[in-house]
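**Q** can't give you the sequence, but here's the structure:
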């Protein structure tokens, strides 16, 4: 064999070895896959998604008792807010109201096959994060995203998206309570009054094209995707896992801190980011919230400070490049 042929043979063998090593590196490691992860796998191709069913508050009494916090009904969803009122978080020198960006919440939905889906978003400090995730995993509750909603802020806070699907919602509620009890998340307290919101909410609503709603001193505009969104083999009710949220915190003199997120499909991401930046709105993060949603959804979190109505007009231009409609019944 000539030197040239020997060199060619060695080159082909080397390339083959590189391909084998690359394939091995990309292959899943079976031993590291949680036993319950198959709950997130998509159903058979062409299968009709299982639909949510309406329930009553009394249907969730045992869940509420196990969670240890009162909830409410939001159409198909049994919803429990757990705002981190215990935290004093500052971003860019602004004290963040819990309703602006520190609102832990969990929602349960019943389905026609008698299964129950949990989705939620938990606010935890960096000190709490790892143990919080450990306890969730011990109870079979998955984390589908871990990320930030705010730019430079103190103390460091993280947001963890939660997911569980099965036939024992009370066990899921117990697991959630065990995890929340490892954090400083306070028990829910009923609102004692409806404080005046120091913003021109009528002008904000006109700019946003949606009727907003109050959450304490925060004014919120909410939209949902036009499409039917599925997660695995179940259809998600509007407002669960596919919501655009625009939140205004009054700062006095008609000014506001703006925080929230836009829900987008892949083709909408760049137009939405461009519209936000052209409106002077800062980008925080682009990420997923779920693992097997269809259509595949992305979220961009954003931040701005300025004239509230001007900010509303700016963010509306970004909302308008996405396929959303106002949330039925106003902000949820």
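**A** Yep, it's here. Keep in mind it's a predicted model, so treat the numbers as computed, not measured.
**Q** List the buried residues of the helix or strand hosting residue 177.
**A** Assigned by DSSP states H and E, residue 177 belongs to helix 169-180. Under the neighbour-count criterion of 16 or more other Cβ atoms under 10 Å, helix 169-180 has 169, 171-177, 179-180 buried. Where C-beta positions appear, they are placed from N, C-alpha and C, glycine not excepted.
**Q** Can you name the next helix or strand after it?
**A** In N-to-C order, the element after helix 169-180 by DSSP H and E is helix 201-208.
**Q** Which strands or helices does that following helix pack on?
**A** strand 218-225, helix 308-319 (3 or more Cβ pairs under 8 Å, 6 or more residues apart in numbering; DSSP states H and E).
**Q** Quick one: closest of those to residue 302.
**A** helix 308-319 (7.4 Å; Cβ to Cβ).
**Q** ok so, going back, would TSV of the helices and strands packed on helix 201-208 with distance to residue 78 and mean neighbour count be doable?
**A** Shown next, in TSV, are the helices and strands packed on helix 201-208 (distance: least, Cβ to Cβ, whole Å; neighbours: other Cβ atoms under 10 Å):
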stretch	distance to residue 78	mean neighbour count
strand 218-225	18	24
helix 308-319	28	21
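**Q** mind checking which of those is nearest residue 120?
**A** strand 218-225 (16.8 Å).
**Q** what comes into contact with the closest one?
**A** 97, 99-100, 197, 199, 201, 204-205, 208, 210, 212-214, 238-239, 242-250, 263, 297, 312, 319, 322-328, 330-332 (Cβ atoms under 8 Å, 6 or more residues apart in numbering).
**Q** picking that back up, what distance separates the helix holding residue 177 from the middle of the whole chain?
**A** 19 Å (Cα atoms, centre = their mean, to the nearest Å).
**Q** Which residues does it contact?
**A** Counting by Cβ under 8 Å, 6+ apart, 60, 62-64, 66-68, 82, 104, 106, 108, 116, 118, 120, 122, 132, 135-136, 138-141, 162, 164, 166 sit against helix 169-180.
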